[in-house]
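1. With the input below, show me the fold.
(2 chains)
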Amino acid sequence: MSLWESQSIQFVWFLSSNDEIKTNDVFESLMGEEPVSFQRNKAPNPANPFLAIANGPIDGSEATLQLQPGRMDLVITPSASVLDSAEVGVATIPTISTCKRVLAGLPQMALKVPCVRLALVLNLLKPAENVDEARLVIEQMISQKPKFDDYSDLMFQINRRKSYPELDKLAVNRLLRFHVTAFQSVMMTNHHGAHSTSFSRENFAASMMVDVNTVPDGRLFASDDFVTIFSTLAEEALRIGAVGAVSALED
Amino acid sequence: MRTLGRESAGYWIQRDEAASSASTNSSPFDDSADQKRKQWTIVRNHYRSSSRPNSLRGLRFAALYEALHTLGTLPEDHQFHLDPVVAKRASNYLGMISTNLDIEPPRLFPQDGEAAVFTWDIGPIKRLFTVDVDDVDLTDVNRNTMMRCDHELPEDWREQFPALLQELGGKILAFSSSATDGDA
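-> Okay, the predicted model is just below:
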């Protein structure tokens, strides 16, 4: 299987402390460009759990750096203009080049807080004509096919840890999740008080999430470790994504 | 286009006001010109909600962060006042607990304004994790016998973190990094 494009790519730093993290500075040092928008929130709450969000366009995609207690997420998604375009049903970003773009920025990253875990999540997508086609793709990937066809809500998840002797026996969770994703777009006319007309459209895709994350074992990762560990995580995630099946965990 | 709102459930709503008075009966999904499509409000499940905690567990942790911040802003003579430095420190420990251990959110109470105490009920055992301005304590109390067990925690953070992982979580470590999962 060839590596699919991604619905989103997520790099996660699980922080030992949220003190003295300047999210906009981290964004600029990592992505090489200033964020277009930046918000701070002194008191995270269930409706807005973020301490800070920095956001900006990057190479035709959109990068969002979100700071929450205990974690900082960099999420790369298709740009807002693509997402909100009526023509696009399932929008994706290139997987390999996006990973490389972030990895290249890590040596300059202005994050000095030690991290307790690091993670990389690829949300890979293959658009399908309909739900049956997407389901068939998933059945092949997980090598499972029921004797009946009239079922729905297929989801399969599996995790297998891998130990890296070259990283002082660092253990990495390799969590795979296969499922069918449905995207719904609803559009309404902008009439005030008049009869409005609405249209909806559904798009389907086969989805494979590859979540490679280090197992917390008490060690703390300094900024010097980020390049080595994220490169290892990316190499493994891309390999698994290219295999595109549960058998990728055999290695 | 102007953004009208981004709901917590993850929907994105846009409207082009300049074209809102125009009228058409064609579908926005037809291959018509952009000018025609600007008359539509688009509601789409957007992609940026993947790192937002939406599990009950995640929301309960978020409520605890909010509570800690609120306690830290109360006046010193308030019965629930908490030293703001302690509130911030406790938030950091709570973040570490929520993202690395697959355990339930604790309960919280301030102790004399100088410490934040997280508690868990584990059968007959009440576990108390106390964070003050420069120290932490972990104690188990058997509510039936009132016997206490104090866990020894190193003072140095680099040694303390592995000990905390072991004492608080044991083998119940997070295996996912998604904020939308049940263990997020």
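
2. Where is the longest strand in chain A?
-> strand A:170-189 (DSSP state E).

3. Is chain B within reach of that one?
-> Yes - judged by CB under 8 Å from any CB of the partner chain, strand A:170-189 comes into contact with chain B through A:173, A:175, A:183, A:184, A:185, A:186, A:187, A:188, A:189. For every residue, glycine as well, the C-beta is placed using N, CA and C.

4. Closest one to residue A:133 out of those, please.
-> residue A:183 (14.6 Å; CB to CB).

5. Now the closest one. Nearest residue, chain neighbours left out?
-> Leaving aside its sequence neighbours, residue A:183 sits nearest to residue A:203 (CB to CB, 6 or more residues apart in numbering or on different chains; 4.5 Å).

6. again with residue A:42
-> residue B:69 (6.7 Å).

7. hang on, that neighbour in a helix?
-> Yes - per DSSP: H, G, I helix; E, B strand; the rest coil, residue B:69 lies within a helix segment.

8. wait, it sits on residue B:87?
-> Yes - contact criterion CB atoms under 8 Å: residue B:69 and residue B:87 qualify, at 6.4 Å.

9. Of these two, give the one with the bigger neighbour count.
-> Comparing residue B:69 with residue B:87 by other CB atoms under 10 Å in any protein chain shown, the one with more neighbours is residue B:87, at 22 against 19.

10. Am I right that the more buried one falls within a helix?
-> Yes - secondary structure of residue B:87 (three-state DSSP): part of a helix.

11. Who are the contact partners of residue B:101?
-> By CB atoms under 8 Å, 6 or more residues apart in numbering or on different chains, the contact set of residue B:101 is A:216, B:165, B:168, B:169, B:172, B:173, B:174.

12. I'd like to know which of these are buried.
-> For the contacts of residue B:101, a burial check counting by 16 or more other CB atoms under 10 Å in any protein chain shown picks out A:216, B:165, B:168, B:169, B:173, B:174.

13. Return the member of those residues nearest to residue A:243.
-> residue B:174 (24.9 Å).

14. Next, count neighbours for the nearest residue to residue B:84 once chain neighbours are set aside.
-> Residue nearest to residue B:84 in three dimensions, not counting chain neighbours: residue B:72, with 3.9 Å by CB to CB, 6+ apart. Residue B:72 has 20 neighbours, counted by other CB under 10 Å.

15. Report how many residues lie close to residue A:211.
-> 25.

16. That one: helix or strand, and which one exactly?
-> Assigned by DSSP states H and E, residue A:211 belongs to strand A:198-214.

17. picking that back up, which of the residues of strand A:170-189 next to chain B has the most neighbours?
-> residue A:175 (23 neighbours).

18. Give me the pLDDT for it.
-> pLDDT, residue A:175: 94.

19. Contact partners for it?
-> A:157, A:158, A:159, A:209, A:210, A:211, A:212, A:213, B:175, B:176 are the contacts of residue A:175 under CB under 8 Å, 6+ apart.

20. Among these, the buried ones, what's the PyMOL command?
-> Burial among the contacts of residue A:175 is assessed by 16+ other CB under 10 Å; the matching PyMOL selection reads:
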select buried, (chain A and resi 209+210+211+212+213) or (chain B and resi 175+176)
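
21. closest to residue A:96 among the contacts of residue A:175?
-> Closest to residue A:96, out of all of the contacts of residue A:175 and judged by CB to CB, is residue A:210, at 13.0 Å.

22. Quick check: that closest one touching residue A:141?
-> No - with contact defined as CB under 8 Å, residue A:210 does not count as touching residue A:141 (11.8 Å).

23. Name the nearest residue to whichever residue of the stretch 51-200 of chain A sits closest to chain B, sequence neighbours excluded.
-> When scored by CB to the nearest CB, the stretch 51-200 of chain A has residue A:70 as its residue closest to chain B, at 2.5 Å. Nearest in space to residue A:70, with sequence neighbours left out and distances taken as CB to CB, 6+ apart, is residue B:95 at 2.5 Å.

24. And for that neighbour, the neighbour number?
-> 24.

25. helix/strand/coil for it?
-> Applying three-state DSSP: residue B:95 is helix.

26. Which residues does whichever strand or helix holds residue A:104 contact?
-> Taking DSSP H and E as the criterion, residue A:104 maps to helix A:95-105. Helix A:95-105 is contacted from outside by A:3-6, A:9, A:11, A:29-32, A:58-59, A:61, A:74, A:76, A:120, A:122, A:124, A:227, A:230-231, A:234, A:237-238, A:241, using CB under 8 Å, 6+ apart.

27. Rounded mean pLDDT for that helix, please.
-> 96.

28. Just want the angle from it to strand A:198-214.
-> Per axes from the mean of the first three to the mean of the last three CA atoms, to 10 degrees, the angle that helix A:95-105 makes with strand A:198-214 is 50 degrees.

29. Tell me which other helices or strands whichever helix or strand comes after helix A:95-105 touches.
-> Counting by DSSP H and E, the next helix or strand C-terminal to helix A:95-105 is strand A:115-128. Applying 3 or more CB pairs under 8 Å, 6 or more residues apart in numbering or on different chains; DSSP states H and E, one finds that strand A:115-128 contacts strand A:5-15, helix A:95-105, helix A:131-142, strand A:198-214, helix A:223-243, helix B:84-100.

30. change it to 6 Å
-> Under the contact criterion of 3 or more CB pairs under 6 Å, 6 or more residues apart in numbering or on different chains; DSSP states H and E, strand A:115-128 touches strand A:5-15, strand A:198-214, helix A:223-243.
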